[in-house]
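Visitor: task: produce atomic coordinates for the following.
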Amino acid sequence: MSPKKPLFDACKARRICSFNATSRLFGKLADLPLPSPILKAAIAAYSKAFHVNLAESGRPPAEFSSFGDFFTRELREGSRPIAPLTDGLVCPSDGTLHNLGTIRDGLIPQVKGNDYSIQDLIGESEAARRLENGTFATVYLSPANYHRVHSPIQGRITHCRYLPGALFSVHPLLVNNLKNVFVTNERIPIFIESPFGLVCVVMVAATIVGNITLTFSGLTTNRHSPQATEFYDTPVPVDAGTELGAFRLGSTAVLLMEGRWQPHMLAEGMPVRMGTPFFRRG
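Guide: The predicted structure is shown next:
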């Protein structure tokens, strides 16, 4: 018996609902300053409910200005050492490894035949051509995770692109049953030229993720803005572990690599941490 196909297509579901307005509202509420005792109690309750490791935070709860400030918290120095790889790349974020594998003729394979196109994901034909038979990995960030995304490799950011869209949940259960979520949701692909070829980190927004912010650019999501691309006459240098941007709450990072790469002791469904060995050149 063949596996059941997804029941719905996110592209079609977007006509009915997209959750952008709801996410903007939650984003504004999260950024409201709260009295310190209330904020500390809210952070403590949230951390207990989602098993957040506050010991890793770079600041104590009393130093956060809002719940949104807590969501995008930095980590204590040294809590995520960057693996010294010379022929590979490190994990770009904390989270759960949703899936990984080989890109097949420009399509990223998913369960239930829920494949999606690289060109649709990144909105660019030339980069899609270079990546069309490469390697991919998808990391899901839950509400409990550290929410910042980092460069997986040393290289130069040549450009990035904001692609507007909907804000459906990216929980793996929904992604497996709603077709085209990643190419329908708002997202920002970041293009890095590395010694091993093109590496693209795609930050995909989700429900309640009021916006994605970048460390090196003013591009952001869910702001009623049209599609936009920033090219850099002087590419932005990054090292493995350089911060690229941050999510609100949880979301997904899709990593696309030119050519064939071998995973470093990875299995779908396992937890991953930023800075640990992720792939080596095949």
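
Visitor: can you check which strand is longest in the chain?
Guide: strand 228-238 (DSSP state E).

Visitor: quick check: the gap between residue 256 and residue 225.
Guide: To residue 225, residue 256 is 24 Å away according to Cβ to Cβ, to the nearest Å. All C-beta spots, glycine's among them, are computed from the backbone N, C-alpha and C.

Visitor: between these two, who's got more neighbours?
Guide: residue 256 (26 against 12; other Cβ atoms under 10 Å).

Visitor: which SS class is the more buried one?
Guide: The local conformation at residue 256, judged by DSSP: H, G, I helix; E, B strand; the rest coil, is strand.

Visitor: bridging residues for it?
Guide: Applying DSSP bridges to residue 256 gives these bridge partners: residue 136, residue 200.

Visitor: hmm, it is touching residue 197, no?
Guide: No. Counting by Cβ atoms under 8 Å, residue 256 stays clear of residue 197, with 10.6 Å between them.

Visitor: how about the helices in the protein?
Guide: 10-13, 20-30, 36-50, 67-71, 118-122, 125-131, 172-175, 181-184 (DSSP state H).

Visitor: buried sites along the third one?
Guide: When burial is assessed from 16 or more other Cβ atoms under 10 Å, helix 36-50 yields the following buried residues: 39-40, 42-43, 47.

Visitor: stretch 191-205 now?
Guide: Buried, per 16+ other Cβ under 10 Å, within stretch 191-205: 191-194, 196-205.

Visitor: buried residues of the longest strand of the chain, list them for me.
Guide: Quick answer for strand 228-238 (16+ other Cβ under 10 Å): 230, 236, 238.

Visitor: and the pLDDT at residue 135?
Guide: We have a pLDDT of 97 for residue 135.

Visitor: just flag the most distant two among the buried residues of stretch 191-205.
Guide: Greatest spatial distance among these (Cβ to Cβ): 196 and 205, at 28.0 Å.

Visitor: span of stretch 171-191 from start to end?
Guide: This stretch, stretch 171-191, spans 25 Å end to end (Cα to Cα, to the nearest Å).

Visitor: kindly report the same for stretch 215-228.
Guide: Stretch 215-228: ends 17 Å apart by Cα to Cα.

Visitor: shaky segments in the stretch 101-250 of the chain?
Guide: Counting by pLDDT under 70, the ranges of the stretch 101-250 of the chain that qualify are 111-113, 208-210, 224, 249-250.

Visitor: in it, which spans are strands?
Guide: For the stretch 101-250 of the chain, the strands defined by DSSP state E, counting those that start in this stretch cover 107-108, 116-117, 135-141, 148-150, 155-162, 178-179, 187-194, 197-204, 213-214, 228-238, 243-246.

Visitor: centre of the chain to the third one, how far?
Guide: Averaging C-alpha positions (Cα atoms, centre = their mean, to the nearest Å) puts strand 135-141 8 Å from its chain's average.

Visitor: what residue lies at the spatial centre of this protein?
Guide: In the chain, the centroid-proximal residue (Cα atoms, centre = their mean) is residue 253; its distance is 2.5 Å.

Visitor: which residues touch it?
Guide: Residues in contact with residue 253 (Cβ atoms under 8 Å, 6 or more residues apart in numbering) are 92-93, 95, 138-139, 141, 149, 201-204.

Visitor: okay, now residue 171: neighbour count?
Guide: So residue 171, with other Cβ under 10 Å, has 17 neighbours.

Visitor: hmm, I was thinking of residue 281
Guide: 17.

Visitor: appreciated, that's everything.
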